[in-house]
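Q: give the three-dimensional model of this entry:
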Amino acid sequence: MHSLCRALRTAATAALPAGAFLRRDRGDALFITNAPRLEPLTDWSIPLAGAGFHCTGTDGLLRLWPAEDWLTRLEDASPDPPDDLCRTLFRFRSLPPDGESLKLFARGLRCLDGGEGAAGFDRRLRQRAAVCLRMNALNPDDPPRGGGLYACALLDHELEVQYR
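A: Below is the predicted model:
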């Protein structure tokens with residue numbers, strides 16, 4: 001298991017009640033848990049935010065996404081881009097990520113953690129980067145888009161190294 005995936009799993013597990021499961025999500029999130037079924041809280045977002053996660057819940061299940069801090073940590077740990085794609089997307093370093101970037105980051109982490117879809121992650125990342133570059137060019141007066149893309153590119157590099 002990759003060290004970042006291990007750290008995320010450890011942080012999430014520490015915020016959950018004993019006996020709650022924590023599994024890779026099959027949707028857009030990183031993890032899914034049954035914690036609300038074991039310990040009904042009014043607002044699970046508070047303890048999970050403290051562990052570095054955003055969450056949404058339905059039917060006694062919570063879906064967890066890594067919060068922006070995890071992307072920042074990864075970007076800060078890699079000030080020297082390891083490949084061409086990372087060098088290209090380095091310009092997006094330290095920009096606040098939006099929901100789409102957080103979903104893409106979660107997808108990359110699931111792939112790195114042994115989930116399916118590693119082959120398609122690079123394509124999704126490049127498509128997302130193209131959209132952000134185009135939107136930034138069309139709307140130069142708006143805040144720049146593409147926060148989190150450098151972190152996603154670092155995950156893409158790790159996937160390339162892992163599956164070569």
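Q: how many neighbours does residue 60 have?
A: By the criterion of other CB atoms under 10 Å, residue 60 has 12 neighbours. C-beta coordinates here come from the backbone N, C-alpha and C atoms, glycine included.
Q: grab the nearest non-local neighbour of it.
A: Closest residue in space to residue 60, ignoring its immediate chain neighbours: residue 37 at 4.1 Å, by CB to CB, 6 or more residues apart in numbering.
Q: scan this structure for its longest helix.
A: Criterion DSSP state H: the longest helix present in the chain is helix 118-138.
Q: show me what that one is packed against.
A: With contacts taken as 3 or more CB pairs under 8 Å, 6 or more residues apart in numbering; DSSP states H and E, helix 118-138 sits against helix 84-89, helix 99-112, helix 149-162.
Q: need the ones you listed in a markdown table with mean neighbour count, mean pLDDT and distance to residue 6, can you?
A: Output for the helices and strands packed on helix 118-138, formatted as a markdown table (neighbours: other CB atoms under 10 Å; pLDDT from 0 to 100; distance: least, CB to CB, whole Å):
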| stretch | mean neighbour count | mean pLDDT | distance to residue 6 |
| --- | --- | --- | --- |
| helix 84-89 | 18 | 96 | 22 |
| helix 99-112 | 22 | 94 | 11 |
| helix 149-162 | 23 | 94 | 13 |
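Q: among those, which is nearest residue 143?
A: Closest of the helices and strands packed on helix 118-138 to residue 143 is helix 99-112, at 13.6 Å (criterion: CB to CB).
Q: which of the residues in the longest helix of the chain are buried?
A: By 16 or more other CB atoms under 10 Å, the buried positions in helix 118-138 come out as 118, 121-122, 124-126, 128-129, 132-133, 136.
Q: what residues does it touch?
A: 85, 88-89, 92, 100-101, 104, 107-108, 111-112, 142, 144-146, 149, 152-153, 155-156, 159-160, 162-163 (CB atoms under 8 Å, 6 or more residues apart in numbering).
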